[in-house]
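Enquirer: With the input below, show me the fold.
(one chain, ligands or ions: 3)
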Amino acid sequence: MGLVRGLVLLCFSVMWLFLLLRATGAQSPTSPTSNSMFSNARALDALLQDYAYQAFVRPRTGVVYDGAVPSNLSGIQVSAMRLRSGSLRTKGVRMYKEFEIPKGVKEHPYVERLVLVYQNLGNWSMVYYPLPGYMYLSPVLGLLAYDAGNLMAKNLPTLDIVASNQPISIKFSELKSVPEGSVPKCASFDLNGSVSFSSVLSDNICTTFNQGHFSIAVESIAPAPAPFFSAPPPSPRVISGTPEQRQGGNNSKVWIIVGSVVGGFALLIILGLLIVLLAKYKRRKKMHQMERAAEVGEALPMTTVGSTKAPAATGTRTQPMLETEYVP
Ligand SMILES: *[C@@H]1O[C@H](CO)[C@@H](O)[C@H](O)[C@H]1NC(C)=O
Ligand SMILES: *[C@@H]1O[C@H](CO)[C@@H](O)[C@H](O)[C@H]1NC(C)=O
Ligand SMILES: *[C@@H]1O[C@H](CO)[C@@H](O)[C@H](O)[C@H]1NC(C)=O
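Expert: Ligands and ions are numbered 1, 2, ... in the order given. Next up, the predicted model:
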């Protein structure tokens, strides 16, 4: 019983240790950034939807209205265009800022009229869409679809839009020059916060079948941060990545150290426990054997010495002989 309980305890302890090490060691350095990026970017979308809708004053369909953003977001441009969904499907929009929307774009769920909100995040691109290891050559542009049923509405959910025949194309206008030896790529962020890369067409065009946020980026010259658990580089360390990333790395290292120390202690305690349990088990087993032996009656022969019983030897030893009695 004791041994079984001990083994169960040991298994639990080892599992706990594993979980602890996993939680500290295997922590991905980018996940906290992308989670916070995801929620920040969605909060900005909600804010910009409101500012874009405020630009509508007796809006005509198919006309671009530029919105105004508060001073704490200056540098960002927003626009709004209201469309009948039938016209979006059958005609598309020839040019909406940098976006060219072909015919065949459908929204889901169906609405009669919808609003396409345009965003140009300008110098806020890196703030809301950090892309470690990459450098933007253009501001991040956004195209999002909302229901036009209530133009006073705030915090509207986006409609899903998807291009069925040809993709939507984005013709970037304010493109920085491409650094020597770099290959520019289209970076597309979907509304779930994941990024995908594709090739740039005719120097400044990216394509998409969905709404989202888009830019052209090149890999930055600085090397990516060293992976965890690798040997430290022999040369002085090159500090790279965003401040957040570096801080994240340091945090992870601290956690690894804390985890190792705690894990080491836990291991020692577990080993100690195991030894104690084994010793107990052995002693109990021995006692058990002795008890059983007593019951079965394999007792040592007893002899009475005074009033107490004591084990006595049965065998007769060789009788001592005096040397002087020796007679050959
Ligand atoms: C900017 O200010 C507005 C109020 O004017 C506020 O609602 C919004 O949260 C602020 N945005 C940021 C990103 O600070
Ligand atoms: C972007 O530029 C505007 C001025 O045009 C400035 O007020 C704002 O603070 C800048 N934003 C960032 C994130 O640097
Ligand atoms: C986002 O995630 C939801 C649920 O996980 C999924 O239904 C949806 O298709 C995703 N959207 C995009 C643009 O990937």
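
Enquirer: So Ser125 versus ligand 2, what's the distance?
Expert: Distance of Ser125 to ligand 2, given as CB to the nearest ligand atom, to the nearest Å: 9 Å. Using the backbone N, CA and C atoms, a C-beta is placed for each residue, glycine as well.

Enquirer: what's the helix or strand for that residue?
Expert: In the assignment (DSSP states H and E), Ser125 maps to helix 125-128.

Enquirer: any idea how far Ala46 lies from ligand 1?
Expert: As judged by CB to the nearest ligand atom, Ala46 and ligand 1 stand 10 Å apart.

Enquirer: go on, Gly122?
Expert: Between Gly122 and ligand 1 the computed distance is 14 Å (CB to the nearest ligand atom).

Enquirer: residues near that residue, how many?
Expert: 15 (other CB atoms under 10 Å).

Enquirer: Tell me the residue of the stretch 201-328 of the chain that sits nearest ligand 1?
Expert: Nearest to ligand 1 in the stretch 201-328 of the chain, going by CB to the nearest ligand atom, is His213, at a distance of 16.2 Å.

Enquirer: part of a strand, is that residue?
Expert: Yes: assigned with DSSP: H, G, I helix; E, B strand; the rest coil, His213 falls within a strand.

Enquirer: Quick check: closest non-adjacent residue to Thr158.
Expert: Closest residue to Thr158 apart from its sequence neighbours, by CB to CB, 6 or more residues apart in numbering: Leu144 at 5.2 Å.

Enquirer: Do a quick rundown of the helices in the stretch 151-300 of the chain.
Expert: Secondary structure of the stretch 151-300 of the chain (DSSP state H, counting those that start in this stretch): helices located at 243-296.

Enquirer: can you pull the contacts of the residue of it found nearest ligand 1?
Expert: When distances are taken as CB to the nearest ligand atom, the stretch 151-300 of the chain reaches nearest to ligand 1 at Lys154, 10.6 Å away. By CB atoms under 8 Å, 6 or more residues apart in numbering, the contact set of Lys154 is 46, 49-50.

Enquirer: Model confidence for it, exactly?
Expert: Note for Lys154: predicted pLDDT of 93.
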